[in-house]
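Trainee: coords below, sequence missing:
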């Protein structure tokens, strides 16, 4: 299995060039302008799976963007790994904050990535990390080192809520049958501190619309006499947090589970420098819910954030109007026991209740999903841990993430299998932000580590079967 390093060394330039070609395609699922590019990306992934050794590759139609499915079945008696990833990306806005065009990938050396990093939208989330799995398969099939079966399910709507994946999975349970689901859409603590994500927050995403007068009004003639929807919206949003930065929606915290002292102490063992954190973000101090550390706030506590707010005149110069409407997009990150549909309803009821009679309120739910916690006492986790130990030379740290992959809970519900989150990105890779990037070292390290997971998972699965047979005979 050590030949994986030599294979990567011989092919690393090609691997990077292929990823750059993939990153050039602006597969923005949130904007219909890019529809043809999203479909072009699906085709690119399907061709890549074929070249990597999949015997059966399909572009599966859904009511939305297609799901690319591929498989390499070598023996139905062996375990099956289902790889999930997504080929769509976030919008690149604001474009003016990028140092280079978001869909014209360039390689630059940075302090954290001395071997260079690819700067482009989707580099880390999730094209680069998803493509690691395709190249890992290429190595295993080319070298004859594929120890088990593999299936791929790569979707094009993760960044807009995976609505049609929820449609696809229940209709294709037999096709998707597996023993473990493997995802690289998360990160690790540092290049010299590997970690495995063991928890994800859930998500509720809404858009709100505040309507005042039936048209934009002259702010001199009507100012002070008619409710200004932008002012009202700002006041309503401000009221969603109290002086301790807790969320004020009634019932919001009812299902939130407090971690034990022992669990918090285990979390605190992960290396973290508050000063480096503030320096990296160029902030003088952190901000958040009173009584919790920064790492607790961004992983085990729920949040509510405004992702965008607009209304009125925003062009050059001045225009003295009271806008007829104001809007905001709001996301709530939820901890595992919170039901995202219930939270969405709680938000809607509360936001409508606190609005003054001088305006009308409409809350439009967008998408959401449940949080997820991965147990660390399973052969799936053990296989991942051993894989990192082999490639990094040290045991990875289990760590909860503040991010969300809403479909992970769906997978367990519908496919009855556990998910392992083997991410190779870093917090500093600026996913969802201008200048997103992914270290070339990280990209290649992922390709090196993934085949070890297959090897160890197959070995541990066989051992488990043998032990169960021994118990049965006794």
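Mentor: Perfect, thanks for sending it. Values in this document were obtained by computation on a predicted structure and should not be read as measured data. Numbering: from 1, shown residues only.
Trainee: hey, let's count contacts and neighbours off CA atoms from now on
Mentor: Noted.
Trainee: Looking at the most far-flung residue of the chain relative to its centre now. What's its pLDDT?
Mentor: What lies farthest from the middle of the chain is residue 221; by CA atoms, centre = their mean that is 48.3 Å. Note on residue 221: pLDDT of 96.
Trainee: State the phi and psi torsions of it.
Mentor: phi -70, psi -30 (degrees, to the nearest 10).
Trainee: cool, and residue 91?
Mentor: Dihedral angles (degrees, to the nearest 10) for residue 91: phi -60, psi 150.
Trainee: repeat for residue 185
Mentor: Dihedral angles (degrees, to the nearest 10) for residue 185: phi -140, psi 30.
Trainee: hang on, it packs against residue 129?
Mentor: Yes. At 6.5 Å, residue 185 counts as touching residue 129 under the criterion of CA atoms under 8 Å.
Trainee: which residues do the two both contact?
Mentor: Residues touching both residue 185 and residue 129 (CA atoms under 8 Å, 6 or more residues apart in numbering): residue 423.
Trainee: so where do the strands sit in the stretch 301-450 of the chain?
Mentor: With DSSP state E, counting those that start in this stretch as the criterion, the stretch 301-450 of the chain has strands at 303-311, 321-322, 325-334, 360-369, 372-373, 397-400, 419-421, 437-439.
Trainee: wait, the stretch 101-250 of the chain
Mentor: Along the stretch 101-250 of the chain, the segments classed as strands by DSSP E, counting those that start in this stretch run 106-108, 117-119, 149-155, 180-183, 195-200, 202-211, 217-218.
Trainee: what's near enough to touch residue 68?
Mentor: Applying CA under 8 Å, 6+ apart, the residues near residue 68 are 42, 45-46, 57-60, 152-155.
Trainee: With residue 215 as the reference, measure out to the residue farthest from the centre of the chain.
Mentor: 14 Å (CA to CA, to the nearest Å).
Trainee: between the contacts of residue 68, which has the most around it?
Mentor: residue 42 (26 neighbours; other CA atoms under 10 Å).
Trainee: Excluding sequence neighbours, find me the nearest residue to that one.
Mentor: Once flanking residues are discounted, residue 42 sits nearest to residue 68: 6.4 Å by CA to CA, 6 or more residues apart in numbering.
Trainee: go on, residue 288?
Mentor: Excluding the flanking residues, the one nearest residue 288 by CA to CA, 6+ apart is residue 245, at 5.9 Å.
Trainee: ok, how many other residues are close to that neighbour?
Mentor: 14.
Trainee: So residue 453 is in contact with residue 381, correct?
Mentor: No. Residue 453 lies out of contact with residue 381 (CA under 8 Å); the separation is 9.5 Å.
Trainee: quick revisit: could you identify which of the strands of the stretch 301-450 of the chain is most buried?
Mentor: Among the strands of the stretch 301-450 of the chain, strand 437-439 has the highest mean neighbour count (mean count of other CA atoms under 10 Å), at a mean of 29.
Trainee: what does that strand rub up against?
Mentor: With CA under 8 Å, 6+ apart, strand 437-439 has contacts from 113, 115-124, 128, 425, 429-431.
Trainee: Would you show me how to pick out the buried ones of those in PyMOL?
Mentor: The PyMOL command for the buried members of the contacts of strand 437-439 (criterion: 16 or more other CA atoms under 10 Å) is given here:
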select buried, resi 113+116+117+118+119+120+121+122+123+124+128+425+429+430+431
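Trainee: ok, of the contacts of strand 437-439, which one's closest to residue 210?
Mentor: residue 431 (30.5 Å; CA to CA).
Trainee: Domains of the protein: list them as residue ranges, please.
Mentor: 3-200+371-466, 202-256+302-369 (automatic domain parsing).
Trainee: Now do the helices in this protein.
Mentor: 3-23, 35-52, 129-143, 163-171, 219-222, 229-238, 261-268, 274-281, 294-297, 340-353, 379-392, 407-415, 440-473 (DSSP state H).
Trainee: mind checking which of these is nearest residue 102?
Mentor: The nearest among these, by CA to CA, is helix 3-23 at 8.9 Å.
Trainee: Same question for that closest one: list its buried residues.
Mentor: In helix 3-23, counting by 16+ other CA under 10 Å, buried: 4-5, 8, 12, 15-16, 19-20, 22-23.
Trainee: Nearest spatial neighbour of residue 116, chain-adjacent residues omitted?
Mentor: Here the residue nearest residue 116, using CA to CA, 6+ apart, is residue 109, at 4.0 Å.
Trainee: So the one you found sits against residue 441, correct?
Mentor: No. Using CA under 8 Å, residue 109 is not in contact with residue 441; the gap is 11.1 Å.
Trainee: What's the end-to-end length of stretch 93-113?
Mentor: Its start and end residues considered, stretch 93-113 measures 24 Å (CA to CA).
Trainee: ok, now which ones touch residue 153?
Mentor: Contacts of residue 153 by CA under 8 Å, 6+ apart are 67-70, 82-85.
Trainee: Quick one: distance of the lowest-mean-pLDDT helix or strand in the chain to the chain centre.
Mentor: Counting by mean pLDDT, DSSP states H and E, the weakest-scoring helix or strand in the chain turns out to be helix 261-268, with a mean of 82. The gap between the average C-alpha position of helix 261-268 and the chain average comes to 25 Å, counting by CA atoms, centre = their mean, to the nearest Å.
Trainee: Buried residues in it, which are they?
Mentor: Those would be residue 267, for helix 261-268 by 16+ other CA under 10 Å.
Trainee: what does it rub up against?
Mentor: residue 399.
Trainee: can you tell me how far the residue lying closest to residue 97 once chain neighbours are set aside sits from residue 22?
Mentor: Closest residue to residue 97 apart from its sequence neighbours, by CA to CA, 6+ apart: residue 434 at 5.9 Å. Using CA to CA, we find residue 434 at a distance of 18 Å from residue 22.
Trainee: Sweet, I'm off.
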